[in-house]
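**Student:** Return atomic coordinates for the entry below.
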Amino acid sequence: MFDPDIRCPVLGVRYNAGELKEAVSYVLSDIESLKGGYICFSNVHTTMTAYKNEAYKRVLNEAELTFPDGHPIAKEQMRKGCREAGRIAGPDFMEEVFKRTADGSVSHFFYGSTDETLNALLKRLKEKYPGIKIAGCFSPPFVKELSDEELNKDIDMINEAKADLIWVGLGAPKQEFFMNRAKGRVFGVMLGVGAGFSFHAGTVKRAPELFQRMGLEWLYRLCQDPKRLFKRYLITNTAFLWHTRVLNRRGGRYG
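**Tutor:** Numbering: from 1, shown residues only. Below you'll find the predicted structure:
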């Protein structure tokens, strides 16, 4: 059974540990207590961003739950003795939640991405899960940060929809800062899932399951968009391995 109190930090990020299906069960059964808060899915790139940026690290650590969205994170947790650790990827979490709420028992709101992606996402969800309850969606303007007035307006709009789960797809670290600013002000549970919108909309192809099982999903995405993702994956992944190995040699455990 998933225990939200089990945390296994990696480079200062206080990650939860557990398996996907148990984590989904916990969130769905405890929606009421989680409302007003947010859930993060953090990978190597965002972990290294947090390692260098204290403000971002604080945002990740103030989440109700922060899941390891990447095999290197989960493996590092296991190296530190956290046997419960497992990868809990945002897109996989979404899929499992959609399956379990296809009866309309939980309502969804989608905040982020483009109108084109949102339209494709809603169309596919309704085709795949005819009974799913979608409370609404909105594509915010592509600005670095919303003004207080814009934020208040969007929070009011989201609350008027009365959704249980608010999926946020603004990309990291923008989506985490947004959720942190909205914490305690929204009626539902916010979940920052980044590219999850595009994967489930079918506008971006996800890596085959073999790549996912081998922990090479990053390589597949790199091949799709090398110019944009080269620094994120090759340089950042190398930096992550270097930092974790050096710190391990110096003491074996770190926060």
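
**Student:** how close does the nearest residue to Pro140 once chain neighbours are set aside get to Arg185?
**Tutor:** In this structure, Pro140 finds its nearest non-sequential neighbour in Asp154, 6.3 Å apart by C-beta to C-beta, 6 or more residues apart in numbering. For the C-beta atoms, the positions are set from N, CA and C on the backbone; glycine is no exception. To Arg185, Asp154 is 10 Å away according to C-beta to C-beta, to the nearest Å.

**Student:** Could you check which of those two is surrounded by more residues?
**Tutor:** Asp154 (17 against 13; other C-beta atoms under 10 Å).

**Student:** what about the more buried one, which helix or strand?
**Tutor:** helix 148-161 (DSSP states H and E).

**Student:** residues contacting the residue positioned nearest the centre of the chain?
**Tutor:** Centroid-nearest residue in the chain, with C-alpha atoms, centre = their mean: Phe41, separated by 2.9 Å. Phe41 is in contact with 66-67, 69, 88-90, 93, 191-194, counting by C-beta atoms under 8 Å, 6 or more residues apart in numbering.

**Student:** That one: helix or strand, and which one exactly?
**Tutor:** Secondary structure assignment for Phe41, by DSSP H and E: strand 38-42.

**Student:** any idea how far that strand is from the chain center?
**Tutor:** From the chain centre to the centre of strand 38-42 is a distance of 4 Å (C-alpha atoms, centre = their mean, to the nearest Å).

**Student:** State the mean pLDDT of that strand.
**Tutor:** Averaged over strand 38-42, pLDDT sits at 98.

**Student:** cool, and stretch 240-250?
**Tutor:** Across stretch 240-250, pLDDT averages out at 73.

**Student:** ok, back up a step: and the residue nearest to the centre of the chain, bridged to which residues?
**Tutor:** Phe41 has these beta-bridge partners by DSSP bridges: Phe67.

**Student:** ok, now how distant is it from Leu20?
**Tutor:** Separation of Phe41 from Leu20 (C-beta to C-beta): 11 Å.

**Student:** quick one: common contacting residues for those two?
**Tutor:** Joint contacts of Phe41 and Leu20 (C-beta under 8 Å, 6+ apart) are 88-89, 93.
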